[in-house]
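Engineer: mind looking at a prediction? Sequence and model below.
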Amino acid sequence: RIDSMHEENPMLGLRGCRLGIVKPEFTRMQVEAIISAAADFMEQSPEAKPHPRIMIPLIGSISEYKNQALIIKSEAERIRSERGIDV
């Protein structure tokens with residue numbers, strides 16, 4: 001799988017949000033890690049109120065932002081509903 005992503009010139013290839021657009025599972029995996037870590041912290045320290053911020057890198061257009069924002073919001077909502085914690 002890694003070999004299939006090889007690029008002759010990586011400076012021109014998939015970087016930033018474009019990688020998440022082509023491989024949305026990468027964005028989902030990162031969001032799951034961030035939101036789950038915040039939920040774990042809240043379970044360990046009930047008084048804690050973390051406010052994780054997720055940046056979308058190298059946005060070049062509104063459509064790129066909307067694509068990634070939709071994935072982030074839906075993944076965060078899935079984790080919130082599964083765990084019953086409002087992060």
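Structural biologist: It's in.
Engineer: just the CA coordinates for stretch 79-87, please, in PDB.
Structural biologist: The C-alpha coordinates for stretch 79-87 follow below in PDB (Å, rounded to 0.1, in the frame of the first residue of the first chain):
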ATOM      1  CA  ILE A  79     -17.300   8.900  18.500                       C
ATOM      2  CA  ARG A  80     -19.400  11.200  20.700                       C
ATOM      3  CA  SER A  81     -22.500   9.000  20.200                       C
ATOM      4  CA  GLU A  82     -20.600   5.800  20.800                       C
ATOM      5  CA  ARG A  83     -18.900   6.900  23.900                       C
ATOM      6  CA  GLY A  84     -21.700   9.200  25.300                       C
ATOM      7  CA  ILE A  85     -19.200  12.000  26.000                       C
ATOM      8  CA  ASP A  86     -19.600  15.500  24.500                       C
ATOM      9  CA  VAL A  87     -16.000  16.500  23.600                       C
END
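Engineer: which secondary element of the chain has the worst mean pLDDT?
Structural biologist: Least confident helix or strand, the chain: helix 17-22 with a mean of 92, by mean pLDDT, DSSP states H and E.
Engineer: ok, residue 15 to residue 22 distance?
Structural biologist: 11 Å (C-beta to C-beta, to the nearest Å). All C-beta atoms are positioned from the backbone trio N, CA, C, and that covers glycine.
Engineer: now swap in residue 31 and tell me
Structural biologist: For residue 31, the distance to residue 22 - C-beta to C-beta - is 16 Å.
Engineer: for the two, indicate the residue with more neighbours.
Structural biologist: Taking other C-beta atoms under 10 Å, residue 31 and residue 22 do not tie; residue 31 has more neighbours (22 against 10).
Engineer: setting aside sequence neighbours, what's the nearest residue to the more buried one?
Structural biologist: Spatial nearest neighbour of residue 31, chain neighbours left out: residue 75 (4.2 Å); criterion: C-beta to C-beta, 6 or more residues apart in numbering.
Engineer: helix or strand for the one you found, which one?
Structural biologist: Following DSSP states H and E, one finds residue 75 within helix 62-83.
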